[in-house]
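**Student:** Just to be clear, the model below is a prediction. Sequence and coordinates:
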Amino acid sequence: MEKTAIIQVFEQLRKTIQSIIQSDSWPGYECGLTEEEFLNFRKTINKEVQLNPWFTKENCYKALSGIVHLTERESLISFSNKYQFTDKPKTIALIMAGNIPFVGFHDLLCTLITGNKALCKLSSSDSRIPLMIIEWMLNWNQELKEYIQISLGPIKNYNAVIATGSNNSIAQFETYFSHVPHLFRKNRTSVALLDGTETDEELRALSSDCFDFFGMGCRNISKLYLPEGFNLNRIFENFLEQTHLIQHHKYGNNYDYNRTVYLMNQIPFLDNNAFMLKEDKGLHAPLSVIYYEYYSDKDAIVNQLNELQDDIQALVGHDYIPFGKAQAPDITDFADGVDTCLWLNSLN
């Protein structure tokens, strides 16, 4: 299969998803779908929250917007030209996480754009949306049926593995897949380094970095590094648009549980009845909690963050990822800082 044909499929996918985001009614065959397919997908999104309460309609559309961002034509062409396109494809088992809708899309893109075959093992928490999108791609180009397969049972007949999961899952991945080339991604989190000059607009954008997808992604900010004297009221004031999260029952249950634990153990925290701020040296805050830590020497904190880079997915702040962009990675932003396409090229 030619690389240009694969890029065309991703281009069509971008147009189709844009149509779904922008139109409540079927816009016509130019969207790439029949009216039945179009309306069926929108219905699937609307009822997804019934099957997975974390996948709200808003979060599903947010994830779809991320796919649109990754499949812009010029970016795809420029990106693909950096890598070899193999004429001897390997079958790559993609074990996808389920914390965010179609969070494994970038791995699928990288696998196909390097000429390899994808054997997708979807998460039970996130199978419906990916299955429909993959079905569209196969309909648009029949040759892709040789390049994308869905594994419904134990995965078999693969040459390499890309797996994403919790730290506990990594031990299982090592047991089952250590005999083949593998790229394992453990549980990471993201942090923000503030210098005190942030505008209210930037802090409002930071609130999205913290709470998009309920804060469940590895690119969500769970720890704030603040200069000494920083007024924490500015965080609460500019995070007000996130207070609606408490109305979500599963998020609310996490909030109630963590708040109760802190109160029973007399652990100090600050609270606005929607999320908590807790001064803590750790990185991985529980859901509904943001850790913070004051610093007096920025260079020392930067050095500390460099030492913690194996635990940090993204760093937001001035001179780093812009505020509000943590959950909007570019096509060249690879998970764990490992160039997936370069790794795939190395297999050949």
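**Tutor:** On my side now, so go ahead.
**Student:** Can you classify the residue nearest to Thr114 when sequence neighbours are not counted by secondary structure?
**Tutor:** Nearest non-adjacent residue to Thr114, counting by C-beta to C-beta, 6 or more residues apart in numbering: Leu344, 4.5 Å away. C-betas here are computed from N, CA, C, even on glycine. Look at Leu344: counting by DSSP: H, G, I helix; E, B strand; the rest coil, its state is helix.
**Student:** need the contact list for Leu344.
**Tutor:** Listed by C-beta atoms under 8 Å, 6 or more residues apart in numbering, the contact partners of Leu344 are 83, 90, 92, 110-111, 114, 116, 160.
**Student:** So which of the residues you listed are in strands?
**Tutor:** Mapping the contacts of Leu344 onto strands (DSSP state E) picks out 92, 160.
**Student:** want to try JSON lines for the contacts of Leu344, with neighbour count, pLDDT and distance to Glu293 as columns?
**Tutor:** Conversion of the contacts of Leu344 to JSON lines gives the following (neighbours: other C-beta atoms under 10 Å; pLDDT from 0 to 100; distance: C-beta to C-beta, whole Å):
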{"residue": "Tyr83", "neighbour count": "18", "pLDDT": "98", "distance to Glu293": "39"}
{"residue": "Lys90", "neighbour count": "18", "pLDDT": "97", "distance to Glu293": "44"}
{"residue": "Ile92", "neighbour count": "29", "pLDDT": "98", "distance to Glu293": "39"}
{"residue": "Cys110", "neighbour count": "25", "pLDDT": "98", "distance to Glu293": "35"}
{"residue": "Thr111", "neighbour count": "28", "pLDDT": "98", "distance to Glu293": "39"}
{"residue": "Thr114", "neighbour count": "25", "pLDDT": "98", "distance to Glu293": "40"}
{"residue": "Asn116", "neighbour count": "23", "pLDDT": "98", "distance to Glu293": "42"}
{"residue": "Ala160", "neighbour count": "21", "pLDDT": "97", "distance to Glu293": "39"}
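**Student:** In helices, which of the contacts of Leu344 fall?
**Tutor:** Among the contacts of Leu344, the members falling in helices are 110-111 (criterion: DSSP state H).
**Student:** out of the contacts of Leu344, who's nearest Ile235?
**Tutor:** Ile235 lies nearest to Cys110 out of the contacts of Leu344, by C-beta to C-beta, at 36.1 Å.
**Student:** which residue sits closest to that closest one, ignoring its sequence neighbours?
**Tutor:** Thr340 (4.3 Å).
**Student:** was I right about the one you found contacting Phe334?
**Tutor:** Yes: taking contact to mean C-beta atoms under 8 Å, the distance of 5.4 Å between Thr340 and Phe334 places them in contact.
**Student:** More neighbours: which of these two?
**Tutor:** When neighbours are counted by other C-beta atoms under 10 Å, Thr340 and Phe334 differ, and Thr340 comes out ahead with 22 against 18.
**Student:** so how far is the helix or strand harbouring Cys210 off the chain centroid?
**Tutor:** Using DSSP states H and E, Cys210 maps to helix 200-211. Helix 200-211 has its C-alpha centroid displaced from the chain centroid by 17 Å (C-alpha atoms, centre = their mean, to the nearest Å).
**Student:** May I have that helix as PDB, with CA atoms only?
**Tutor:** Provided in PDB are the C-alpha atoms of helix 200-211 (Å, rounded to 0.1, in the frame of the first residue of the first chain):
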ATOM      1  CA  ASP A 200      -5.800  35.400  34.500                       C
ATOM      2  CA  GLU A 201      -6.300  34.200  31.000                       C
ATOM      3  CA  GLU A 202      -3.300  31.800  31.200                       C
ATOM      4  CA  LEU A 203      -4.600  30.500  34.600                       C
ATOM      5  CA  ARG A 204      -8.000  29.800  33.100                       C
ATOM      6  CA  ALA A 205      -6.300  27.900  30.400                       C
ATOM      7  CA  LEU A 206      -4.300  26.000  33.000                       C
ATOM      8  CA  SER A 207      -7.600  24.900  34.600                       C
ATOM      9  CA  SER A 208      -8.300  23.000  31.300                       C
ATOM     10  CA  ASP A 209      -4.900  21.400  31.500                       C
ATOM     11  CA  CYS A 210      -5.800  20.200  34.900                       C
ATOM     12  CA  PHE A 211      -9.300  19.100  34.400                       C
END
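**Student:** Which neighbouring elements make contact with it?
**Tutor:** Other elements packing on helix 200-211 under the criterion 3 or more C-beta pairs under 8 Å, 6 or more residues apart in numbering; DSSP states H and E are strand 189-193, strand 221-227, helix 233-238.
**Student:** distance of the most centrally placed residue in the chain from Ile133?
**Tutor:** Of all residues in the chain, the one closest to the mean position by C-alpha atoms, centre = their mean is Val103, 4.9 Å from it. Look at Val103 and Ile133: by C-beta to C-beta, to the nearest Å, they are 13 Å apart.
**Student:** hang on, Arg42 packs against Ile21?
**Tutor:** No: with contact defined as C-beta under 8 Å, Arg42 and Ile21 do not form a contacting pair (10.1 Å).
**Student:** So between those two, which is more surrounded?
**Tutor:** Between Arg42 and Ile21, Arg42 has the larger neighbour count (other C-beta under 10 Å), namely 16 against 12.
**Student:** how many other residues sit next to the closest residue to the more buried one other than its chain neighbours?
**Tutor:** Distances taken as C-beta to C-beta, 6+ apart place Ile20 nearest to Arg42, at 6.5 Å, with adjacent residues excluded. Here the neighbour count serves as a burial measure; for Ile20 (other C-beta under 10 Å) it reads 21.
**Student:** Quick check: Ile20 is in a helix.
**Tutor:** Yes: counting by three-state DSSP, Ile20 is part of a helix.
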